[in-house]
Structures are given as C-alpha cells and as structure tokens.
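**Student:** how would this look folded up:
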Amino acid sequence: MPVILPVKGKSPQIPNDCFIAENATIVGEVTMGNQCSIWFSAVVRGDVNYITMGHKVNVQDGAVIHGTYKATATTIGNNVSIGHNALVHGCTIHDNVLVGMGSIIMDGCVVESNSIIAAGAVVTKNTRVETGSIYAGVPAKKVKDISEELISGEIDRIANNYVEYSSWFTE
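**Tutor:** The predicted structure is shown next:
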C-alpha cells in the first residue's frame, strides 16, 4: 500500500486515473493532474512547500520531488517524464520535458517547454533551461537544440508509454 499522508492539514490530491505504486510515498500539499503515475520507491514530499503536477506526468522509480521550506515550491507541467532516481527540488518544469535518469534540478531553476535534461546532469540553482534545448553535464550546460523528431520520438513517446505501463497495473 502506498504511503499517502496529510501534513499540517494538507492532503495529496490524486485523480482516480493516476497510478501510484504500492511502495511510493506522497505526502502533504501535492496536487496531481490526470493520467499521472508515481512509480516504485518514488517520493513526492509536499511537506515543506507545495508540489503541483500537470497531466500525464510520470515520476519513475526512486525519483524524489521536493521543495524548500518557505522558499521554493515545485511546479511540473503537462507531459513530463521524471527519470529513474532523478531529484527535482524547488523548481519549475514547463510542458513536454524529459528529465533524464539520475539528474538533479535544483532550487529556482526553470526548465522551459520541449527540453531534455540529460541523464546524470546537474542543473544548478537558478538556471534557466531554454525552450527546445538539451542540457547535459555537471554543471549542466546547453549542448544542442532539440529537433522535432526528439520531441515526438522521445519526450512524447516516453510520456505516452508510461500511461500505457500504468494501465498494466490497473487491469
């Protein structure tokens, strides 16, 4: 059974069409859109600041979503994939974004739409990731522009696949 708990009178808001893995943790002021999925061992902690997710967001295995007390909330747009073991902390992620496995996005960052954060990248505090770009490295820097093929072939494909994968657990 997943851990879904209120904190200081604020409970997670999770639509019925979302998939929550049995060992996921979601606490506090968390608002999720439709067709979201929170996978095995993922943690979404809206205890010190709120977390808002759009539609079709997948938070893959071992990922952590959090904010900073009295400073930065976390806002995630629509059609966003948060890769395995990624850390998304006190930042804003716009629509159609792929956050690669093991990457870190720190406080105050803004990841604009149609962007990819490469696996293992560290997006340092207050960085603005430009629309339609790929950021990679430590610290993360722009490495190239995204083609339309990457938007549909990676960003959309992965988000859509996770909607399908979650259906396998609700049949």
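**Student:** which parts of the helix or strand of the chain with the lowest mean pLDDT are buried?
**Tutor:** When the helices and strands of the chain are scored by mean pLDDT, DSSP states H and E, helix 148-150 comes last with a mean of 83. Across helix 148-150, burial judged by 16 or more other C-beta atoms under 10 Å covers residue 150. For every residue, glycine as well, the C-beta is placed using N, CA and C.
**Student:** part of a strand, is residue 45?
**Tutor:** Yes: applying DSSP: H, G, I helix; E, B strand; the rest coil, one finds residue 45 inside a strand.
**Student:** Now do it against residue 130, distance only.
**Tutor:** Using C-beta to C-beta, to the nearest Å, residue 45 is found at 29 Å from residue 130.
**Student:** Check which helix or strand residue 165 maps to.
**Tutor:** Assigned by DSSP states H and E, residue 165 belongs to helix 157-168.
**Student:** and that helix, C-alpha only, in CSV?
**Tutor:** The C-alpha trace of helix 157-168 is given here as CSV (Å, rounded to 0.1, in the frame of the first residue of the first chain):
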residue,chain,number,x,y,z
ARG,A,157,6.8,8.7,-26.6
ILE,A,158,8.1,8.2,-23.1
ALA,A,159,5.2,10.1,-21.5
ASN,A,160,2.7,8.1,-23.5
ASN,A,161,4.4,4.8,-22.7
TYR,A,162,4.1,5.5,-19.0
VAL,A,163,0.4,6.0,-19.4
GLU,A,164,0.3,2.6,-21.0
TYR,A,165,2.6,0.9,-18.5
SER,A,166,0.4,2.2,-15.6
SER,A,167,-2.6,0.6,-17.2
TRP,A,168,-0.9,-2.8,-16.8
